[in-house]
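Novice: build me a model:
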Amino acid sequence: MLYRVEGIVIRSMDYGEGNKIITLCTEGNGKIGVLVRGAKKVKSRHAAITQPFTLGEFAFYRPNHGLGTLNSGEIIESHFSLREDLFLAAYASYACELLDRTLQDEEVGSFWYTQLKACLESLASKKDPEVVIALYEMKILQAAGYGPVISNCVSCGRTADTYKISPRLGGSLCPSCGHHDPAAQKVSAGTYKLLHYFERMDMRRLGNVEVKDETKAELKRIMRDFMDIQLGLKLKSRSFLDQLDKYEI
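Specialist: Numbers count the residues shown, from 1 in each chain. Down below sits the predicted model:
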């Protein structure tokens, strides 16, 4: 059967002497693997469309629910700027691997696709990558069913003037419920405000936000704790990103 889909290349790997297998995140067909014959050859007409982060239209033959074979492809947005910048490539790779490891094969949902698309567009438009990724992590947690409860107490449901954040329990704890998690963390007003906005914000609505370095550091720590405790994924791209962060000026 011939399929025609719009998708984003979230993974590209060599297969055999001259071929590649790409993994696409699509809006209506979930995550799909497609074999691209001859993609490694210098004069291949399909080489460009197999590059990571590429948004394109793909036509492929696919028997039942197995691996598809590319028939034709057209690039909508190459995102070349993400691949030529080492730091942006690291952030984009993390975004793609995070979705790839979280989204199950054949799981359909436009939310996954739209959030990744908006994340890559935000990175390409030079929005603060640390803020972009923190919001994207929040959206991934929500899509996976582990979205943090920030605006009210995750234990009793009440609102309060101050909260601690408990990644283990999945959100905010009011002063009356703080004893439920002695490891719950105090955060600055700026960090809590961002978490509060991120809980409700769509990636497509993110503007250019200026955030203090200390607030970004605290935000990163809190979101990493949520990701580690709730999803427990070991990602190569995150390890590489952390290494690069040590040398960023």
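Novice: for the rest of this, base every contact and every neighbour count on C-alpha atoms.
Specialist: Noted.
Novice: check which helices and strands the helix or strand hosting M223 sits against.
Specialist: Under the criterion of DSSP states H and E, M223 resides in helix 213-230. Here helix 213-230 touches helix 129-143, helix 189-200, going by 3 or more CA pairs under 8 Å, 6 or more residues apart in numbering; DSSP states H and E.
Novice: could you check how far the nearest residue to I222 once chain neighbours are set aside is from Q230?
Specialist: Take I222 and drop its neighbours on the chain: the residue closest to it by CA to CA, 6 or more residues apart in numbering is P167, 7.4 Å away. Distance of P167 to Q230, given as CA to CA, to the nearest Å: 8 Å.
Novice: returning to that earlier point: count the neighbours of the residue nearest to I222 for me.
Specialist: Using other CA atoms under 10 Å, P167 has 23 neighbouring residues.
Novice: is it true that it touches L231?
Specialist: No: taking CA atoms under 8 Å as the definition, P167 is not a contact partner of L231, at 11.0 Å.
Novice: so I165 touches G171, yeah?
Specialist: Yes: contact between I165 and G171 holds when scored by CA under 8 Å: they sit 5.7 Å apart.
Novice: these two: who's more crowded?
Specialist: I165 (27 against 23).
Novice: scan the chain for its longest strand.
Specialist: strand 2-15 (DSSP state E).
Novice: could I get the buried residue list for it?
Specialist: V5, E6, G7, I8, V9, I10, R11, S12, Y15 (16 or more other CA atoms under 10 Å).
Novice: cool, stretch 126-141 as well?
Specialist: For stretch 126-141, by 16+ other CA under 10 Å, it's 127-141.
Novice: and which of the residues you listed is nearest S151?
Specialist: When the buried residues of stretch 126-141 are compared for distance to S151 (CA to CA), M138 wins out at 13.8 Å.
Novice: how about the strands of this structure, start to end?
Specialist: 2-15, 19-26, 31-36, 55-61, 68-77, 149-153, 164-166, 171-173, 185-186.
Novice: winner for burial among the ones you listed?
Specialist: Each of the strands of the chain was given a mean neighbour count from mean count of other CA atoms under 10 Å, and the largest, a mean of 28, is that of strand 171-173.
Novice: could you say what helices and strands that strand packs with?
Specialist: strand 149-153, strand 164-166.
Novice: pipe these into JSON lines and attach distance to A184 and mean pLDDT per row.
Specialist: Formatted as JSON lines, those follow (distance: least, CA to CA, whole Å; pLDDT from 0 to 100):
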{"stretch": "strand 149-153", "distance to A184": "12", "mean pLDDT": "94"}
{"stretch": "strand 164-166", "distance to A184": "4", "mean pLDDT": "96"}
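Novice: format those as a markdown table; extra columns: distance to L123.
Specialist: Conversion of the helices and strands packed on strand 171-173 to a markdown table gives the following (distance: least, CA to CA, whole Å):
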| stretch | distance to L123 |
| --- | --- |
| strand 149-153 | 25 |
| strand 164-166 | 27 |
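Novice: of all the ones you listed, which lies closest to F58?
Specialist: strand 149-153 (37.9 Å).
Novice: what lies in contact with that closest one?
Specialist: 158-160, 163, 170-174, 177, 195-196, 199 (CA atoms under 8 Å, 6 or more residues apart in numbering).
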